[in-house]
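Novice: Can you look at this prediction? I've put the sequence above it.
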Amino acid sequence: MGDNRMNTPDPSRRAIVATAIDAAGAVAFAASNASAADAPVALSSMAPAFQSRDALEPLPFDPAKLGGLSERLLRSHWENNYGGSVKALSVVKKRLAQALGDKDLPPYVYNDLKREHLLRTGSVVLHELYFDNLGGSGQAGAKERQAIAQAFGSFDAWETEFRRIGAGLGGGSGWVVLGFNLHTRHLENYWMADHATAPVATRPILVMDMYEHAYQMDYGAAAAKYIDAFFQNLQWETVAQRLEG
């Protein structure tokens, strides 16, 4: 009888060969990913995600005609606080575009810029929403009152909570936002400690700035008086448009 061992594949040999092939493939895949991660990125600051603007959105009202909020305060708030964030965001976006092309920059350093990106974006957007919902008579229309009452039980209940959140932020910093959550489908008031704590999936409907720069020049530490003035100047037509989406 002949010896057939030379024609019979050795299972252990096949396993070794298969393991070697898998290992070689893994090494090649890792090398490919590493080279992609380490390669410098040619990036233009004109790419949409890195574009910036230096122009401020103009105030949608005459700052000399708001009762209880002085022109001096409003212009300072618009130019220095909002304007400062617009300029800072422009600088940050340009730096991000440059930094992404630096393969030697540690990720944690890049993330310092991304943190500023988050904060400055929040400040710009919230300030623009804030100024846009000022300059009105302070009188809510029937549709806005009804929509808010349906969500809170009554319009007065909504206003009581909104004011209370603002009073709690007095003397410090933050925002009060009436927002419609696109996920839960609820209209709610939100407390925000800073520009980066916006609730997820929420469309801002009404925004009140509670940073001291929004009222200190007129009211000192009397935040409650500022909240009264804010309500007296609300532009409810803008709120109605935001409610409609």
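Specialist: Yes, it's here.
Novice: my guess is Gly68 meets Ile227, correct?
Specialist: No: between Gly68 and Ile227 there is no contact under C-beta atoms under 8 Å: 10.3 Å. In this view, the C-beta of every residue, glycine as well, is placed from N, C-alpha and C.
Novice: Specify which residue of these two has the higher count of neighbours.
Specialist: Set side by side, Gly68 and Ile227 show more neighbours around Ile227, with 23 against 17, by other C-beta atoms under 10 Å.
Novice: Rounded mean pLDDT for the host helix or strand of that one, please.
Specialist: Taking DSSP states H and E as the definition, one finds Ile227 inside helix 223-232. The average pLDDT within helix 223-232 is 98.
Novice: The helix or strand following that helix: which residues count as buried?
Specialist: With elements assigned by DSSP H and E, the helix or strand that comes after helix 223-232 is helix 236-244. Residues of helix 236-244 classed as buried by neighbour count (16 or more other C-beta atoms under 10 Å): Trp236, Thr238, Val239, Ala240, Arg242, Leu243.
Novice: Can you spell out the domain ranges of this structure, please?
Specialist: Domain segmentation of the chain under automatic domain parsing yields 70-132, 142-244.
Novice: Make TSV out of these and add distance to Leu56.
Specialist: Listed next are the domains of the chain as TSV, based on distance: least, C-beta to C-beta, whole Å:
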stretch	distance to Leu56
domain 70-132	5
domain 142-244	16
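Novice: what's the closest of these to Pro58?
Specialist: Closest approach to Pro58 among these (C-beta to C-beta): domain 70-132, 8.7 Å.
Novice: mean confidence for that closest one?
Specialist: 97.
Novice: now swap in stretch 180-197 and tell me
Specialist: Across stretch 180-197, the average pLDDT comes to 97.
Novice: Confirm that Asp194 sits in a strand.
Specialist: No: counting by DSSP: H, G, I helix; E, B strand; the rest coil, Asp194 is located in no strand; its state is coil.
Novice: Please give me every residue in contact with it.
Specialist: Leu119, Gly122, Ser173, Gly174, Trp175 (C-beta atoms under 8 Å, 6 or more residues apart in numbering).
Novice: So which of those residues is the closest to Ala142?
Specialist: Among the contacts of Asp194, and counting by C-beta to C-beta, the member closest to Ala142 is Trp175, at 27.2 Å.
Novice: so how far is Ala201 from His117?
Specialist: Distance of His117 to Ala201, given as C-beta to C-beta, to the nearest Å: 20 Å.
Novice: Then Gln139?
Specialist: Per C-beta to C-beta, Gln139 is found 30 Å from Ala201.
Novice: Closest to the centroid, which residue in the chain?
Specialist: Note on the chain: the residue nearest the mean C-alpha position is Gly122, at 4.0 Å, using C-alpha atoms, centre = their mean.
Novice: residue contacts, the closest residue to it other than its chain neighbours?
Specialist: Leaving aside its sequence neighbours, Gly122 sits nearest to His195 (C-beta to C-beta, 6 or more residues apart in numbering; 3.1 Å). His195 is in contact with Leu118, Leu119, Arg120, Thr121, Gly122, Ser123, Leu126, Trp175, counting by C-beta under 8 Å, 6+ apart.
Novice: List the buried residues for the helix or strand hosting the fifth one?
Specialist: Pointing back at Gly122 there. Gly122 belongs to helix 107-132 when assigned by DSSP H and E. Neighbour-count burial for helix 107-132 flags 113, 116-117, 119-132 (criterion: 16+ other C-beta under 10 Å).
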